[in-house]
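Chemist: just coords:
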């Protein structure tokens with residue numbers, strides 16, 4: 001259920017960013033992305049550590065039938081997540097100005113940061129309910145709240161962006177000013193407008209997180225176990241238990257988030273210190289089509305990079321649902337010391353993560369320009385600027401998905417502190433390569449792709465080895481990783497040859513659908529031939545789906 005919902009949410013996110021980018025442009029997307037980059041380390045620590053810890057502890061005490069502990073965790077989570085959310089929002093506001101000025105080299109993105117800051121609080125409060133029910137293997141609150149958040153973000157983000165753009169452009173056309181400040185040309189006016197329209201679009205994100213919180217709160221009020229709710233409040237000891245259990249995860253997530261921030265910051269820094277004439281030369285056609293001013297070149301190029309990240313993050317965002325839902329199941333297997341079940345679960349999760357990621361990533365790589373044209377038909381500058389980097393990112397998608405699943409596996413077996421060193425090494429690799437390659441005229445944004453692949457490959461392999469060694473499970477690299485990856489390579493070769501040999505002569509959407517069906521058929525045959533999937537597995541999945549629907 002979480003996997004399907006994640007797919008829908010990712011599709012909504014992709015669809016939402018098409019008209020959004022059309023209204024605020026690649027430069028506006030740069031401001032939008034800059035705000036998210038500051039939120040990453042704060043949001044990552046709060047959302048990456050505490051919900052996982054809560055889910056694992058709830059799973060543990062539910063298996064033992066300890067309702068007092070469950071009530072204590074429910075109450076303690078409310079208190080802890082509120083305190084963490086308030087702290088996170090305050091930190092984001094405090095660092096907004098120095099980050100905008102000295103790291104992003106984009107002082108005007110401070111408006112977008114300020115609008116996004118309350119999301120940290122709302123997301124933390126919602127996570128206390130999501131993590132609690134995930135511990136019972138109930139993915140309904142997480143799935144539905146994510147869907148609600150995505151829909152509200154899309155509808156109101158686009159609405160606020162459109163209204164603000166219309167209002168500010170109308171003011172300039174009428175009075176030659178933007179919010180009372182004189183603009184000497186249309187190009188200058190747009191440069192002044194983009195920070196405000198980006199902030200207005202971000203209001204949709206904040207509203208979506210608030211409505212999502214309202215849903216999970218009401219869900220708990222309606223569905224909560226009254227026998228647990230009537231138990232005396234033992235919240236305070238649970239806060240200590242949550243903190244104790246979450247601390248190594250929090251350190252691990254903090255390291256990951258800090259290096260993720262340094263990753264993006266190093267790209268921004270390298271772009272801002274690159275030869276401006278070089279950037280203008282490499283992206284000359286896109287800049288000309290977009291009509292960007294010289295002062296917005298770095299923000300525009302980073303906006304192109306951010307747009308490409310939408311496609312790169314699409315598949316890992318979907319496969320992450322497998323890792324999240326596997327945490328309580330793996331944790332339960334560890335608790336009862338069932339190594340056979342643990343091995344089977346881990347191989348299964350890694351296998352399906354790899355299959356989904358190689359299929360999705362390689363399909364996007366094969367059809368990058370068509371997909372960009374479908375999404376951004378009115379923004380030729382984005383199509384031209386993103387095509388190559390989207391293709392390269394898509395080919396590296398499996399390593400990101402596998403790395404995420406590997407981290408969840410290490411957390412699920414109760415050894416989150418073991419992930420800290422791999423995070424550090426991976427982060428150092430990414431930042432170092434970004435600094436070397438992004439400012440190099442031969443690579444620029446392609447250098448960020450190389451750096452990301454190298455860093456996450458190390459992280460993925462290292463965490464898999466940790467999970468195997470610490471749990472002493474029987475893990476098959478051949479079944480879980482090698483065969484699925486080889487099937488993906490065969491798909492890329494076969495489909496690539498077929499697509500070059502035929503011309504369907506249809507519109508882009510129909511062409512992509514036909515190619516998608518063809519790729520599914522080829523990939524299914526390859527998986528059966530190579531032993532990645534069996535007929536019994538497919539039947540088992542169908543029966544499981546039917547049972548879930550009946551339930």
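Modeler: Perfect, thanks for sending it. Everything numeric in this text was worked out from a predicted model, so none of it was measured.
Chemist: which regions of the stretch 451-551 of the chain lie under the pLDDT threshold?
Modeler: 535-551 (pLDDT under 70).
Chemist: How about the stretch 1-150 of the chain?
Modeler: 1-3, 14-15, 18, 22, 45-49.
Chemist: show me where it has helices.
Modeler: Applying DSSP state H, counting those that start in this stretch to the stretch 1-150 of the chain gives helices spanning 2-64, 67-98, 110-116, 118-134, 140-175.
Chemist: Tell me how far the helix or strand following the last one lies from the chain's centre.
Modeler: The first helix or strand that comes after helix 140-175 along the chain, using DSSP states H and E, is strand 177-178. Its chain's C-alpha centre lies 36 Å from the corresponding centre of strand 177-178 when counted by C-alpha atoms, centre = their mean, to the nearest Å.
Chemist: same for strand 177-178, what does it pack against?
Modeler: Strand 177-178 sits against helix 140-175, helix 186-223, with contacts defined as 3 or more C-beta pairs under 8 Å, 6 or more residues apart in numbering; DSSP states H and E. Every C-beta, even on glycine, is put in place using the N, C-alpha and C of the backbone.
Chemist: Please identify the pairing partners of that strand and their relative orientation?
Modeler: strand 181-182 (antiparallel) (DSSP bridges).
Chemist: quick revisit: need the winner for burial among the helices and strands packed on strand 177-178.
Modeler: Greatest average neighbour count among the helices and strands packed on strand 177-178 goes to helix 186-223 (a mean of 20), per mean count of other C-beta atoms under 10 Å.
Chemist: mean confidence score for it?
Modeler: Here helix 186-223 scores 89 as its mean pLDDT.
Chemist: Run the chain-centre distance for the helix or strand hosting residue 454.
Modeler: Residue 454 belongs to helix 445-471 when elements are defined using DSSP H and E. Mean C-alpha position of helix 445-471 versus that of the full chain (C-alpha atoms, centre = their mean) differs by 17 Å.
Chemist: Give me the buried positions along it.
Modeler: 445-464, 466-468, 471 (16 or more other C-beta atoms under 10 Å).
Chemist: in this protein, which residue is closest to the centre?
Modeler: What sits nearest the mean C-alpha location of the chain, by C-alpha atoms, centre = their mean, is residue 317, with 4.8 Å.
Chemist: ok so, going back, among the helices and strands packed on strand 177-178, which is nearest residue 425?
Modeler: Closest of the helices and strands packed on strand 177-178 to residue 425 is helix 140-175, at 31.2 Å (criterion: C-beta to C-beta).
Chemist: coming back round to it: residue contacts, the residue nearest to the centre of the chain?
Modeler: 6, 9-10 (C-beta atoms under 8 Å, 6 or more residues apart in numbering).
Chemist: Which single one of these is nearest to residue 293?
Modeler: Comparing the contacts of residue 317 against residue 293 with C-beta to C-beta picks out residue 10 as the nearest, at 33.2 Å.
Chemist: thinking again about what came up before, can you give me the pLDDT of the residue nearest to the centre of the chain?
Modeler: 79.
Chemist: rewinding a little: adding distance to residue 482, write the helices of the stretch 1-150 of the chain out as TSV.
Modeler: Converted to TSV, those look like this (distance: least, C-beta to C-beta, whole Å):
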stretch	distance to residue 482
helix 2-64	23
helix 67-98	40
helix 110-116	41
helix 118-134	31
helix 140-175	32
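Chemist: so which of those helices is the most packed in?
Modeler: Of all these, helix 118-134 has the most neighbours on average by mean count of other C-beta under 10 Å, namely a mean of 25.
Chemist: hmm, back to that, buried sites along the one helix or strand the residue nearest to the centre of the chain maps to?
Modeler: Assigned by DSSP H and E, residue 317 falls within helix 297-335. Buried residues in helix 297-335, counted by 16+ other C-beta under 10 Å: 297-334.
Chemist: what angle separates that helix from helix 186-223?
Modeler: With axes from the mean of the first three to the mean of the last three C-alpha atoms, to 10 degrees applied, the angle from helix 297-335 to helix 186-223 works out at 20 degrees.
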